[in-house]
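**Student:** how would this look folded up:
(2 chains)
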Amino acid sequence: MSDIAREAGVNVVMPRMPAMVRPGWLRRGNATFLVAGLLGVLLIAAALLAPVLAPFDPGAQKLLARLRPPIGFSRAVAPYWLGTDALGRDLLSRCLYGLRLSLALALFGTVLGLAIGVTLGLVAGLARGMTDALLMGFADVKLATPFTLVALLVIAIAGSGIGVLITVLGLAYWAQFARLVRGQVLSLRELPYVEAARSIGASPWRVAVRHMLPNLVGPVVVMATLSFSNLILLESALSFIGIGVQPPTATLGSMVGQGRDYLASAPWVVAVPALLIVLVSLSAMLLGDELRDRMDAALRER
Amino acid sequence: MRFRHFLAAALVATAGSASAQELKVGVQNMAPWLDPGRDFSNVGSQFYINTFEPLVGKDHTRAESIWQPGLATGWTIVSPTVMELKLREGVRFQNGDPVTAEDVAFSLDRIIHATFAPYTVRQRDTLPNLAAIEIVDAQTVRVIAKKPEPLFETLMNTQQTMIVSKRYIMGLTGKPDALEDADYEAFSLKPMGTGPYRVAEFVPNQRLVWERFDGYWGPKAPFQRVTVTRIPELSGRLTALKNAEVDLITNVPPDQLSVLEGDKALKVEGMVTPLFHVVIFNTQNPKMADARLRRALSLAIDRKTLNEALWQGKAVVPTSHTYPQFGPLYMPELKTFEYNPAEAKRLLKEAGYDGFPIRFDTAAAYYTNGLLAAQAIQEMWAAVGVKSDIKVDDRWTGGDADMMARNWSNPMYFPDPTGSFGIMWAPTGNSATEGRFKPTAEYSAVWERFRFSTDLGARKQAYSELMTMIRNDPPVLPLYQPYESFAMRANISWKPLPGHIPYVLDFRAGRIAQAAR
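**Tutor:** As a prediction, the model looks like this:
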């Protein structure tokens, strides 16, 4: 803010924050933030360290030790802590590698969606007129179309490589980013400091990058966390119906999908990856929620 | 306590007697259309036996072929190329029309001289040797073959030669006195034959409802109504059965049978199916052209372990492309396929395999254990140094020029090597037609000798020569004959019969009973 204030030659008075009665870490919501954050860090660490932590190669089969339950149940076999799947592969190792791939896919998808959406939103908001109408028209069409159907179509035509999957995931939430950013830009551009910047001859590019983007970071980050958790679920859904990453490579969704026939006879094959999906999306959603609460001035000052 | 038992028994008995007139079946797959002459999928074949009938009947309780009167009461082989059949009198179609010699001639002729494209395929793979059908008189027809035909009875017992009504089909669309392609399309959605059950409702890919045909010439159907519903997910089928929403379900893999054990209300019947799950290669894809590579891929697969692991040892690992149902032509002594990883490695080295990945196509859930077997095979190939990529694709890629390897099945369409190996791998068979297999002149000559010799010894000798050629330059590799299990409520008496083609759900009189308990 100070940069902008200086440039615009305006003396900005920051609103005074309400006096805090308790130390910051005890504020309401902090516990959630802490737990969700810790969970997120743990999951990311597990994913990153998969090659170190996994006791087996995730693809290594032991056909004659199929569908063994986790340690502690009868018929369990010693080194397979979480049991084995329908081809006798170590479930723990597959979960770790599956988590790694699912997180990576959701991350790439989010970054791609964010890049597309923020760019188009900025352009629409700044250019206005025909460009705006056209881009937002696209966004409306995108939002009005059931995306799983579009994803199915794209994958049916383009095949199901990792690149195609990332593209599909990237296209899933760009419209939400674009609408959010455009709305922010429309309101920001009317603010005195932006008008001031324009009036002293700042180029649209400079206005966009220097004055708009920093103010967009908050809402965009919140949107990104929400989109991330949704992408985890979308990737799981696509893999569940068998059109995501091809076997034998595991993602959490494909493990649930391929294990669903064993729900009655070997529930652990589905339960463990399903639990991980819940934990990942829960952690991302809680973090996103908390971030929104903190960044939304209206909520914060209540 | 005793009263409660009594009450429960009474309730069950009432429920039993109330539902005895209706059977509810949950199947994994439902056909998109039903026309016995046009079909050769494993899906439609489940249903035809109840609605349609061929000229020659068969004792389905026996694996070997014991012919019985069907819609023909008797027949004679007039000469090596002519079969004469006496038609049964008083048979009616389910719409009330009498079955005439003209209907019989039409049923065969629509395939032998096909104008509708889907029938031409069946003409090539099933009836290439039939030249014509002639009406002698109102109760007599003659089937004329091009070359001496040793398999007349067998061919007149197939699903493809089941009898349909000419007048009914002609009247379905367009001009009522002309045969149009649209008539055949319409027929496949409103099928009608002479069998004990008429199709009361057919929703493609979803549901089939049969009702008893009271005008049936033979023993009346045991159920007033049979509802067959598609429940694609195994867990859905198991739940529907446990909740008594259905009385019988299909396609339960052996490793799921434990779920049903201990439930006294349920039971399981199963049978090794006369069908091979196979791996096929596109021999015409330049990457797959080297026979040594394909031989190595075949030798690298440990089918016994696949059977132990995926089928709990209940499937049958064959040594050759042969079934007990072939009777005297069953030749398990042939050693066409074996597991020999050392030889596989040697052949790969000799072929100069440079590590390019083999694309292995598989449907997601069409074949029981199909995707699991594909992944296990991928590991077995990796063990001899072959890299492969699995591609899950529910499209049929068997005709694609870039197909390399994929899973498929080779069912027994009729009990002769011609009706299983031949449908797929004869010079006029499906694989040659689709371009993934190109028989040599020598292969075609041996095939002719096998197909048309009337001497059993000569046929066996020729088939053994064919198998040697297949071993040396394999376009196909049978994995195993799957063991298919059907689960049902304990009060249902039904089991798959060895005399049928695979997956047939025979609900005719004497084949199924429901006790009132």
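**Student:** got a list of what the closest residue to chain B within the stretch 1-150 of chain A touches?
**Tutor:** Scanning the stretch 1-150 of chain A for the residue nearest chain B gives A:L63, at 3.6 Å (criterion: C-beta to the nearest C-beta). Any C-beta I mention is one placed from the backbone N, CA and C, and that applies to glycine too. Shown in contact with A:L63 (C-beta atoms under 8 Å, 6 or more residues apart in numbering or on different chains): A:L87, A:G88, B:T305, B:L306, B:E308, B:A309, B:L310, B:A376.
**Student:** over to B:T273?
**Tutor:** Contact partners of B:T273, counting by C-beta under 8 Å, 6+ apart, are B:Q481, B:P482, B:Y483, B:E484, B:P496, B:P502, B:Y503.
**Student:** and the gap between it and B:T440?
**Tutor:** Distance, B:T273 to B:T440, using C-beta to C-beta, to the nearest Å: 31 Å.
**Student:** quick check: residues of chain B near chain A?
**Tutor:** With C-beta under 8 Å from any C-beta of the partner chain as the criterion, chain B meets chain A at residues B:233-235, B:238, B:253, B:255-256, B:258-259, B:305-306, B:308-310, B:364-365, B:371-372, B:374-376, B:378-379, B:389-392.
**Student:** the strands in the stretch 151-300 of chain B, which residues?
**Tutor:** For the stretch 151-300 of chain B, the strands defined by DSSP state E, counting those that start in this stretch cover B:197-203, B:207-212, B:225-230, B:248-252, B:266-272, B:275-281.
**Student:** show me what the first one is packed up against.
**Tutor:** When you say that, I think you mean strand B:197-203. Judged by 3 or more C-beta pairs under 8 Å, 6 or more residues apart in numbering or on different chains; DSSP states H and E, the packing partners of strand B:197-203 are helix B:48-51, strand B:207-212.
**Student:** would you mind getting the angle between it and strand B:225-230?
**Tutor:** Strand B:197-203 runs at 40 degrees relative to strand B:225-230, counting by axes from the mean of the first three to the mean of the last three C-alpha atoms, to 10 degrees.
**Student:** just the mean pLDDT for strand B:197-203, thanks.
**Tutor:** Averaged across strand B:197-203, the pLDDT comes to 97.
**Student:** now the angle between strand B:207-212 and that strand, please.
**Tutor:** Here the directions of strand B:197-203 and strand B:207-212 differ by 160 degrees (the same axes, to 10 degrees).
**Student:** ok, and what's touching strand B:197-203?
**Tutor:** Contacts to strand B:197-203, defined as C-beta under 8 Å, 6+ apart, come from residues B:34, B:50-51, B:94, B:189-192, B:207-213, B:221, B:223, B:225-226, B:507-508.
**Student:** A:M223 is nearest to which of the strands of the stretch 151-300 of chain B?
**Tutor:** Distance to A:M223, taken as C-beta to C-beta, is lowest for strand B:225-230 among these, at 41.1 Å.
**Student:** got a list of contacts for the closest one?
**Tutor:** Residues from elsewhere that reach strand B:225-230 (C-beta under 8 Å, 6+ apart): B:21-30, B:47, B:50, B:197, B:200, B:205-212, B:246, B:505, B:507.
**Student:** that one to strand B:248-252, inter-axis angle?
**Tutor:** Going by the same axes, to 10 degrees, strand B:225-230 makes 30 degrees with strand B:248-252.
**Student:** C-alpha coordinates for strand B:225-230, PDB please?
**Tutor:** Output in PDB follows, covering the C-alpha atoms of strand B:225-230 (Å, rounded to 0.1, in the frame of the first residue of the first chain):
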ATOM      1  CA  ARG B 225     -42.100 -63.700 -15.900                       C
ATOM      2  CA  VAL B 226     -38.400 -63.300 -15.800                       C
ATOM      3  CA  THR B 227     -36.800 -59.900 -15.400                       C
ATOM      4  CA  VAL B 228     -33.100 -59.500 -16.200                       C
ATOM      5  CA  THR B 229     -31.600 -56.300 -15.100                       C
ATOM      6  CA  ARG B 230     -28.100 -55.000 -15.700                       C
END
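**Student:** and stretch B:294-311, how far apart are its ends?
**Tutor:** The first residue of stretch B:294-311 is 25 Å away from its last residue (C-alpha to C-alpha, to the nearest Å).
**Student:** quick one: average confidence on it?
**Tutor:** Rounded mean pLDDT across stretch B:294-311 is 95.
**Student:** return the set of buried residues in it.
**Tutor:** The neighbour-count check on stretch B:294-311 (16 or more other C-beta atoms under 10 Å in any protein chain shown) flags B:294-303, B:306-311 as buried.
**Student:** so what's the gap between it and the chain middle?
**Tutor:** Computed by C-alpha atoms, centre = their mean, to the nearest Å, the chain-centroid distance of stretch B:294-311 equals 23 Å.
**Student:** where does pLDDT dip in chain B?
**Tutor:** Residue ranges of chain B with pLDDT under 70: B:1-20, B:517.
**Student:** nearest to chain A within it, name that residue for me.
**Tutor:** Among all residues of chain B, B:A309 sits closest to chain A, at 3.6 Å; criterion: C-beta to the nearest C-beta.
**Student:** that residue contacts A:G88, correct?
**Tutor:** Yes. Applying C-beta atoms under 8 Å as the test, B:A309 and A:G88 come out as touching, 7.3 Å apart.
**Student:** and for those two, which residues touch both?
**Tutor:** When contacts are counted by C-beta under 8 Å, 6+ apart, the set common to B:A309 and A:G88 consists of A:L63, A:L64, A:R66.
**Student:** right, is the one helix or strand A:I157 maps to up against chain B?
**Tutor:** Per DSSP states H and E: A:I157 is located in helix A:147-158. No. For helix A:147-158, no contact with chain B is found by C-beta under 8 Å from any C-beta; the gap never falls below 8.8 Å.
**Student:** may I have that helix as PDB, with CA atoms only?
**Tutor:** The C-alpha coordinates for helix A:147-158 follow below in PDB (Å, rounded to 0.1, in the frame of the first residue of the first chain):
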ATOM      1  CA  PHE A 147     -17.400 -30.500 -16.300                       C
ATOM      2  CA  THR A 148     -17.100 -34.200 -15.700                       C
ATOM      3  CA  LEU A 149     -18.800 -34.600 -19.000                       C
ATOM      4  CA  VAL A 150     -16.400 -32.300 -20.700                       C
ATOM      5  CA  ALA A 151     -13.500 -34.200 -19.100                       C
ATOM      6  CA  LEU A 152     -14.800 -37.500 -20.300                       C
ATOM      7  CA  LEU A 153     -15.100 -36.100 -23.800                       C
ATOM      8  CA  VAL A 154     -11.600 -34.600 -23.900                       C
ATOM      9  CA  ILE A 155     -10.100 -37.800 -22.600                       C
ATOM     10  CA  ALA A 156     -12.100 -39.900 -25.000                       C
ATOM     11  CA  ILE A 157     -10.700 -37.900 -27.900                       C
ATOM     12  CA  ALA A 158      -7.200 -37.100 -26.700                       C
END
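**Student:** now for that helix, which elements pack on it?
**Tutor:** helix A:162-172, helix A:213-240.
**Student:** what does stretch B:283-293 contact?
**Tutor:** Here stretch B:283-293 makes contact (C-beta under 8 Å, 6+ apart) with B:281-282, B:294, B:347-348, B:350-351, B:353, B:356, B:358, B:401-405, B:435-438, B:472-475.
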